[in-house]
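Student: take this sequence and fold it.
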Amino acid sequence: MWRAGTSADSYYQVRPECADDVPESKFRIKVGRTLSARKWKSAFSAEGYLDISKTLGRIHRGGVHPSIRGEVWEFLLGCYDPKSTFEEREQIRERRRVKYALLKEECHQMFSLVGSGKFVTAPIITEDGEPIQDPIVLQQLNCGKEHASLTKGNDAFSGSQMERQSNGYGPMDKKEIQWKLTLHQIGLDVVRTDRTLVFYQKQESLSKLWDILAVYSWFDADVGYCQSMSDLCSPMIILLEDEADAFWCFERLMRRLRGNFRCTESSVGVEAQLGNLASVTQIVDPKLHQHLETLGGGDYLFAFRMLMVLFRREFSFGDSLYLWEMMWALEYDSDLFSMYEDRESATEKSEGSKGKAKSRRRQCGKFERENLRNGGKSSAAPLPISVFLVASVLKDKSSKLTEARGLDDVVQILNDITGNLDAKKACMGAMKLHKKYLKKAKNT
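Tutor: Residues are numbered from 1 along each chain as shown. This next block holds a predicted model:
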């Protein structure tokens, strides 16, 4: 139901005892500006083709009504092609649901708590792949019945290594061991994620979040699971009722962000984006950049969290969703679906799409169109809007940051912005900095 002026908080209920600790959402549903269910429906033809250009500007101006947010996000994140029909999308949805069910069953065969409605928060195996039989693990595995399940072939570990060898399966390989070593880490993060929301008072919601992250960790073994992924996945299961749909929406989001989570022995993937942030700040606010370098903050690690979880901690839950959809609408690429469907040629959006025909550009977001106009012939991948969002926040606080006497002051100044940022203003600031950056970068 359309209710003008309603706060997003009314759709994402906060636990009463946490109300004083959660910032109030600034996002308001506005008639004529927020994308409503009626306007969304009218953007489709009778066959189901979506005129995405009709919706991108409205999303940027006023966000998406919470009642349709999940299905709109599926398009913004590239789950579906706007040029597809209702029937084609339904076929894709069913294929994905089957694929997710197979992935989940594969994980269940390796560890039977996947899909059981329960999850673990304590380590279940050693680094050598041997089961850990301490009381906490046994309790969480529901193995208190004389812990017989640790010695049966259908136990939570799918049998001991000796049994696996005798059944012809052989010992666990490195991929399976690594996956099982992360399951309790996922559980620890799940119980901390959005704990102020009523939604996560239900065991069913917690286990669904754990299941999706556990399956994703197996599905994308190159990245696996890293802390903060739960913050990115949480909104998906709140907005999309079907677990498989939520999984694939999260998977599409990770296509954009997985580079941030790639880790080696010497570096973390997000360091590349922090380096980009430093470069942008050096161009748009050289005085601030020089001061931060003098303080020893030239690596911009103080901005790590903002880039990793896309401002989830700096905004209320409702405002962070509003910010995300504005970002995705601004940098929407009409070729997103086709790029993502071909996993071999594009596992991340950073490939871009160069030489896009002018007739197709109107189907792109404003930020993406600006990139195409100014850098379409460049071999370098365009920077994501998230980098300019962080740069915009830093520039907005430039007067305070240039007075900081140490990195502790910098961190404190940035911590103080929690709950005080305006999502739309931040996006507008990012767009202005983006134009300024492109103009100055072209002249240097």
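Student: which secondary structure element is home to the one residue sitting closest to the centre of the chain?
Tutor: The chain has Leu232 as the residue nearest its centroid, 3.4 Å off, counting by Cα atoms, centre = their mean. Assigned by DSSP states H and E, Leu232 falls within helix 229-239.
Student: with adjacent residues omitted, what lies nearest to Leu414?
Tutor: Spatial nearest neighbour of Leu414, excluding adjacent residues (Cβ to Cβ, 6 or more residues apart in numbering): Phe302 at 6.2 Å. Any C-beta I mention is one placed from the backbone N, CA and C, and that applies to glycine too.
Student: now do the same contact list for that neighbour.
Tutor: Shown in contact with Phe302 (Cβ atoms under 8 Å, 6 or more residues apart in numbering): Leu407, Val410, Val411, Leu414.
Student: relative to Phe337, which of these is nearest.
Tutor: Leu414 (35.8 Å; Cβ to Cβ).
Student: how close does the closest one get to Lys442?
Tutor: 30 Å (Cβ to Cβ, to the nearest Å).
Student: what about these two, which has more around it?
Tutor: Leu414 (20 against 9; other Cβ atoms under 10 Å).
Student: what helices or strands is the lengthiest helix in the chain leaning on?
Tutor: When the chain is parsed with DSSP state H, its longest helix is helix 86-110. With contacts taken as 3 or more Cβ pairs under 8 Å, 6 or more residues apart in numbering; DSSP states H and E, helix 86-110 sits against helix 174-190, helix 203-219, helix 243-261.
Student: what's the offset of it from the middle of its chain?
Tutor: Relative to the centre of its chain, helix 86-110 is centred 20 Å away, using Cα atoms, centre = their mean, to the nearest Å.
Student: switch to numbering from 29
Tutor: Shifting the count to begin at 29 puts that one at helix 114-138.
Student: I figured Tyr465 hits Val308, correct?
Tutor: Yes: here Tyr465 reaches Val308: they are 5.5 Å apart, a contact under Cβ atoms under 8 Å.
Student: ok, those two, which is more surrounded?
Tutor: Val308 (25 against 20).
Student: is it fair to say the more buried one lies in a helix?
Tutor: Yes: under DSSP: H, G, I helix; E, B strand; the rest coil, Val308 falls within a helix.
Student: which residue packs closest to Arg280, ignoring adjacent ones?
Tutor: Leu105 (4.0 Å).
Student: equivalent analysis for Gly98, please.
Tutor: Spatially, and ignoring its direct neighbours in sequence, Gly98 is nearest to Leu267 (3.6 Å; Cβ to Cβ, 6+ apart).
Student: neighbours of the one you found, just the number please.
Tutor: 22.
Student: do you know how far it is from Glu99?
Tutor: 9 Å.
Student: mind showing which ranges of the stretch 29-178 of the chain have poor pLDDT?
Tutor: Scanning the stretch 29-178 of the chain for pLDDT under 70 picks out the ranges 29-33, 162, 168-178.
Student: pull the number of nearby residues for the residue nearest to Arg280.
Tutor: There are 26 residues near Leu105, going by other Cβ under 10 Å.
Student: isn't it right up against Trp356?
Tutor: Yes: with contact defined as Cβ under 8 Å, Leu105 counts as touching Trp356 (6.6 Å).
Student: residue contacts, Asp49?
Tutor: Counted by Cβ under 8 Å, 6+ apart, Asp49 has contacts Thr224.
Student: count the neighbours of Thr52 for me.
Tutor: Wrong residue type there; residue 52 is Glu, not Thr. Using other Cβ under 10 Å: Glu52 sits among 13 other residues.
Student: next, it: secondary structure please.
Tutor: coil.
Student: next up, the contacts around it.
Tutor: Glu52 neighbours (Cβ under 8 Å, 6+ apart): Ser35, Asp37, Ser344, Gly447.
Student: neighbours around the nearest residue to the second one once chain neighbours are set aside, how many?
Tutor: Counting by Cβ to Cβ, 6+ apart, the nearest residue to Asp37 once its immediate chain neighbours are dropped is Ser53, at 4.8 Å. Residues contacting Ser53 under the criterion other Cβ under 10 Å number 23.
Student: so Thr446 sits in a strand?
Tutor: No: read with three-state DSSP, Thr446 is coil and lies in no strand.
Student: per-residue confidence at it?
Tutor: pLDDT for Thr446: 85.
Student: hmm, it is touching Val50, no?
Tutor: No: judged on Cβ under 8 Å, Thr446 makes no contact with Val50 at a distance of 10.4 Å.
Student: in contact with Thr154, which residues?
Tutor: So Thr154 contacts Ile160 (Cβ under 8 Å, 6+ apart).
Student: pLDDT score for the closest residue to Val337 other than its chain neighbours?
Tutor: Spatial nearest neighbour of Val337, excluding adjacent residues (Cβ to Cβ, 6+ apart): Asp259 at 4.4 Å. Listed pLDDT for Asp259 reads 96.
Student: contact partners for Asp259?
Tutor: Thr221, Asp222, Val337, Arg340, Arg341.
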